[in-house]
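[1] Quick one, what's the 3D model for this:
(2 chains)
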Protein chains: 2
Amino acid sequence: MASMAALFVKTPYPSHSLNKIPTTHFAPALKVSISLPSGRKAHPRLRVSSGLIEPDGGRLVELMVDEPLRDAKKGEAFALPTIKLSTIDLQWVHVLSEGWASPLRGFMRESEFLQTLHFNALRLQDGSVVNMSVPIVLAIDDSQKHRIGGSTEVALFDSDNNPVAILRDIEIYKHPKEERIARTWGTTAPGLPYADEAITHAGDWLIGGDLEVIEPIKYHDGLDRFRLSPAELREEFTKRNADAVFAFQLRNPVHNGHALLMTDTRRRLLEMGYKNPILLLHPLGGYTKADDIPLSWRMKQHEKVLEDGVLDPETTVVSIFPSPMHYAGPTEVQWHAKARINAGANFYIVGRDPAGMGHPVEKRDLYEADHGKLVLSMAPGLERLNILPFKVAAYDKTQGRMAFFDPSRPQDFLFISGTKMRTLAKSKETPPDGFMCPGGWKVLVEYYDSLTQATSGTVPEAVAA
Amino acid sequence: MASMAALFVKTPYPSHSLNKIPTTHFAPALKVSISLPSGRKAHPRLRVSSGLIEPDGGRLVELMVDEPLRDAKKGEAFALPTIKLSTIDLQWVHVLSEGWASPLRGFMRESEFLQTLHFNALRLQDGSVVNMSVPIVLAIDDSQKHRIGGSTEVALFDSDNNPVAILRDIEIYKHPKEERIARTWGTTAPGLPYADEAITHAGDWLIGGDLEVIEPIKYHDGLDRFRLSPAELREEFTKRNADAVFAFQLRNPVHNGHALLMTDTRRRLLEMGYKNPILLLHPLGGYTKADDIPLSWRMKQHEKVLEDGVLDPETTVVSIFPSPMHYAGPTEVQWHAKARINAGANFYIVGRDPAGMGHPVEKRDLYEADHGKLVLSMAPGLERLNILPFKVAAYDKTQGRMAFFDPSRPQDFLFISGTKMRTLAKSKETPPDGFMCPGGWKVLVEYYDSLTQATSGTVPEAVAA
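    Take a look at the predicted model:
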């Protein structure tokens, strides 16, 4: 635990929050990151544990070049036509490189892109079907396409001009932006965060191919050690003798309602006969929209929740899911679930309106609240996954704590929305006792305080993630 | 053939064309309609022919009430809350009643609607998957929903207040119009013909349930006898000892390029070892956009093509497909193919940009020309269907006839687009000899002439279908 704390103190937080880093102690659950193997070489092939669900396609795809070959590949990269990756592109390289999207072996070619758009699934050569609901594609513009010319390979470089990967046996095809947006989000209204960030102004072509990733993707933000790959997570679950793994995707602070749900899920799994269900508490670490709470602050908040004993560290693994966020509701929740199968989870907790948001133009939610759960339960390729519906928790005034909502006595319950929570934290007010552990709440207040300081006393509605 | 001709002379054409009905002689291929059984009772269960592909779900769903029960059902209908059907709604009742959408048993409930939107396929109780790419849904508005109240059944009435069907075990759910349009067409641009006609101004709710159709749907337009149900088509194919059935969906006049393709397809099937491949020439008979040529004129044109011997009547069945047209490209072509499986076709000819159209707002085609074929070839639930790609035919100036395009001598070929064809017909010009049989061309000229007369000398770009 001491080493974890040391780890965390070194975290280079965004400058606006540097003034108030608390000395934190990570709970044992996060200990998993201490025992990381030094390289991916330890996982050339997945060790299949009797208790863990098989990856999609039967075998975890890892696209990292073996260490002895890296220099040669780097040299090759410098000799190829190059594509400069955006931040989100690099996150997708990360996702692909570790096999979250298994059995995908690189950015989608057109046949995969079309199957994703139309069917949310890919048919494999053996006739089996795996889920794949969001396009994982790389856009290039006319001039990049021109520079590639007749080459069958390109090199992908990061924003610092370091070679990241080689894309082989490439296929370049048209980027039907409007259709991609319409079929992914079910709307083309302006203001979809991911579309604005990564599609609308992107190039008119997509380039697919097989990826060879030269080095593991690192962010040097002090959180890299919490970015466990599917292989590393599987190793950790196996080490803990998990006979069930239940995943909880989140991009918000954890309050005691969430904690109650996760604890209750474990209780139900034990009742079902599982001996050692392990929770994968899996905050999303890639692109999020400007008014979401940044990953670094969320990680601090999650740490407090474990430290305060709200969740049991012995049966919880906290790790970061490297995917960018689409906010594509029923379409995206399938991706969130599918990626966790590849990390070994066979149970998935799905909430009300997962990956949903307000309609960017109209005054309503973009998706019906129950469509995410319904679509997930019927999605091709996810038949093996057990979907656990989210029970509604609210603040029970009679007990002074979060409890499952009891419709026979609605007057006793207080619903604290995300908006309400943010408003309270911004104004440094204290939520009802028992809503969130005090340490976790303090992190939220500090986050909003840091924004206030950074903007000379005005709290912006939207801040850069 | 004489009886067919008699049949056709009685056809009540739309009034604007009554002045010029030629005395027509249908080729033997259309004889199929003479030997129609008097009622659907002859097909309580599909006779499975060794040569015919199985319907989706294993058995053709027919939703017609047995004749002795019809009066009782009518009486029941008058006692139930009612929904008035639009023209397109009634076409869908027709489609459902005859099992084109097997195994659907009525208008979609929400789980079917969501699977269609997201996956273009339905998972059946036995775990198998059937294709279903366009929503077959019935919209109602707030006041209709209010009138239905707690009833579990509703009666569906046509525009003349005749009871058409009873919908049982109903489910009412929200009609997410924007999402439905976006996920079906890949755009939400205004001006999509089907969306303008049947979605945008439709009610905010959808009602699903099991259909009981009281009487066969008839249009009394002189063409009802050509509207063979899947069961009737299967019977005809069986009667002809077909060992392969290849379907050609169309909503345009047949020119000699089409004919060449169909003839060539039969030749290829014979080469593959089939002894008696039968062509199902299957014009779409439901809603089409205003500037498409109306069904009655297209049927006259098809008749001429058979009469002139361009297609072999002995190996061709001409029938009308009762579905409305979506113009939804890659999404809709799956529906067109799937419905033909239910009618017994195991080969499907797919053209360039099937069910495509111009983008309603931008100056480009709505879909990439090859996406329809690609998506169709990968579509879930259509694995059993053999997709035959459309070979490009053009007018070969050296031979004075339509021929398959030879890229080694492009200068010899003339491409006559649909727009070019319409322009020629409107101005009563003659296309190059060999482009279309003279009788068929005359029908087109007459059609545009009838429009000119109806509008006092001006040819409108768009006319009511």
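
[2] What segments of the stretch 201-350 of chain A are strands?
    Assigned by DSSP state E, counting those that start in this stretch, the stretch 201-350 of chain A shows strands spanning A:205-213, A:244-250, A:277-283, A:316-318, A:347-350.

[3] Would you mind giving those strands as TSV with mean pLDDT, mean neighbour count and distance to B:G440 added?
    The way it works is simple: take the backbone N, C-alpha and C, and place the C-beta from them, glycine included. Shown next, in TSV, are the strands of the stretch 201-350 of chain A (pLDDT from 0 to 100; neighbours: other C-beta atoms under 10 Å in any protein chain shown; distance: least, C-beta to C-beta, whole Å):
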stretch	mean pLDDT	mean neighbour count	distance to B:G440
strand A:205-213	98	22	42
strand A:244-250	96	24	60
strand A:277-283	97	24	64
strand A:316-318	96	25	71
strand A:347-350	96	24	57
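
[4] just so I know, which of these lies nearest A:M132?
    Checking the strands of the stretch 201-350 of chain A against A:M132 by C-beta to C-beta gives strand A:205-213 as the closest, at 13.1 Å.

[5] can you tell me if that closest one touches chain B.
    No - if you take C-beta under 8 Å from any C-beta of the partner chain as the test, strand A:205-213 misses chain B, and the best it gets is 11.9 Å.

[6] what's that strand packed up against?
    helix A:87-98, helix A:110-119, strand A:139-140, helix A:142-148, strand A:153-157, strand A:163-174 (3 or more C-beta pairs under 8 Å, 6 or more residues apart in numbering or on different chains; DSSP states H and E).

[7] gap between it and the chain center?
    Relative to its parent chain, strand A:205-213 has a centroid offset of 21 Å by C-alpha atoms, centre = their mean, to the nearest Å.

[8] got the residues of the stretch 51-200 of chain A near chain B?
    Contact residues (C-beta under 8 Å from any C-beta) of the stretch 51-200 of chain A with chain B: A:110-111, A:114-115, A:117-121, A:123, A:127, A:129, A:133, A:174, A:176, A:178-179, A:182-183, A:185-189.

[9] Kindly write the PyMOL command that selects the buried subset of those residues.
    Entered in PyMOL, the line below selects the buried ones among these, by 16 or more other C-beta atoms under 10 Å in any protein chain shown:
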select buried, chain A and resi 110+111+114+115+117+118+119+120+121+123+129+133+176+178+179+182+183+185+186+187+188+189
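
[10] ok so, going back, need the strands of the stretch 201-350 of chain A in TSV with distance to B:G257, can you?
    Converted to TSV, the strands of the stretch 201-350 of chain A look like this (distance: least, C-beta to C-beta, whole Å):
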stretch	distance to B:G257
strand A:205-213	32
strand A:244-250	53
strand A:277-283	57
strand A:316-318	63
strand A:347-350	52
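
[11] do you know which of those lies nearest A:F390?
    strand A:347-350 (6.0 Å).

[12] For the following helix or strand past the closest one, enumerate the helices and strands it packs against.
    For strand A:347-350, the succeeding helix or strand toward the C-terminus, using DSSP states H and E, is helix A:371-378. Applying 3+ C-beta pairs under 8 Å, 6+ apart, one finds that helix A:371-378 makes contact with helix A:329-342, strand A:347-350, strand A:386-389, helix B:110-119.

[13] which of the residues in helix A:371-378 are buried?
    Neighbour counts over helix A:371-378 (16+ other C-beta under 10 Å) mark A:H371, A:G372, A:K373, A:L374, A:V375, A:L376, A:M378 as buried.

[14] Other residues contacting that helix?
    Applying C-beta atoms under 8 Å, 6 or more residues apart in numbering or on different chains, the external contacts of helix A:371-378 come out as A:329-331, A:333-334, A:337, A:348, A:350-356, A:382, A:387, A:389-390, B:110-111, B:114-115, B:118-119, B:123.

[15] returning to that earlier point: quick one: closest of the helices and strands packed on strand A:205-213 to B:L104.
    helix A:110-119 (18.6 Å).

[16] hmm, who's touching that closest one?
    With C-beta under 8 Å, 6+ apart, helix A:110-119 has contacts from A:104, A:108, A:121-123, A:132-135, A:137, A:171, A:173, A:179-180, A:183-184, A:206, A:208, A:380, B:119-121, B:133, B:186, B:330-331, B:371, B:374-375, B:378-380.

[17] angle of it against helix B:110-119?
    What separates the directions of helix A:110-119 and helix B:110-119 is an angle of 160 degrees, with axes from the mean of the first three to the mean of the last three C-alpha atoms, to 10 degrees.

[18] Check the average confidence over helix A:110-119, would you?
    Here helix A:110-119 scores 98 as its mean pLDDT.
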